[in-house]
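Student: coords please:
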Amino acid sequence: MPAVRRQFTVALAICVAGAAQAQNRQPISTSLTECSVIFTELADLGARRGKDEDTVNAALVSASLFLVEAREQAGREGTSEPYGHIQSEQDRLAEKWEGRFSSLILLNENKDWIDYCRALGKNRGLALP
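Tutor: Have a look, this model is predicted:
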């Protein structure tokens, strides 16, 4: 039994590390964009599942705040065309996240990303609902 528990612990650590490693390898503007995409996907999922309008709108407001911050950050990172760059990243990341919240296999990693986004938003001074 201890060997099974150890294997589970190792597998869990690998899942948690996945989100952290991805965040460490990309510019902060990309992480902010990814958070925008994540909250947009959460809003879409909430609407499809009949969540109340306030919950869906809170996710959309969060997505918008992350997007504005991503564009500003891209400019600070020296991107010559911040709006176009972030739009391109948003399109790419939307494909990555589409339907991800329906996967039980990705449940822990998705939660890690949401936790990361909330911490990032707080760190950046975003007034997330």
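
Student: from here on, just use CA atoms for contacts and neighbour counts.
Tutor: OK.

Student: ok now do the spatially most central residue of the chain, which residues does it touch?
Tutor: Centrality entry for the chain: nearest residue to the mean C-alpha point is Cys35, 3.2 Å, by C-alpha atoms, centre = their mean. Residues counted as contacts of Cys35 (C-alpha atoms under 8 Å, 6 or more residues apart in numbering) are Ala63, Phe66, Trp113, Ile114, Cys117.

Student: if we go to 6 Å?
Tutor: Contacts here follow C-alpha atoms under 6 Å, 6 or more residues apart in numbering; on that basis Cys35 touches Cys117.

Student: what helix or strand does it sit in?
Tutor: Under DSSP states H and E, the secondary-structure element containing Cys35 is helix 28-48.

Student: report pLDDT for Leu12.
Tutor: In the predicted model, Leu12 carries a pLDDT score of 42.

Student: and for Met1?
Tutor: At Met1, the pLDDT value in this model is 46.

Student: for the one 4 residues further on, same thing?
Tutor: Arg5 is assigned a pLDDT of 48 by the prediction.

Student: with Ser103 instead?
Tutor: For Ser103, pLDDT reads 89.

Student: any chance of the backbone angles for it?
Tutor: In terms of degrees, to the nearest 10, the main-chain angles of Ser103 are phi -90, psi 120.
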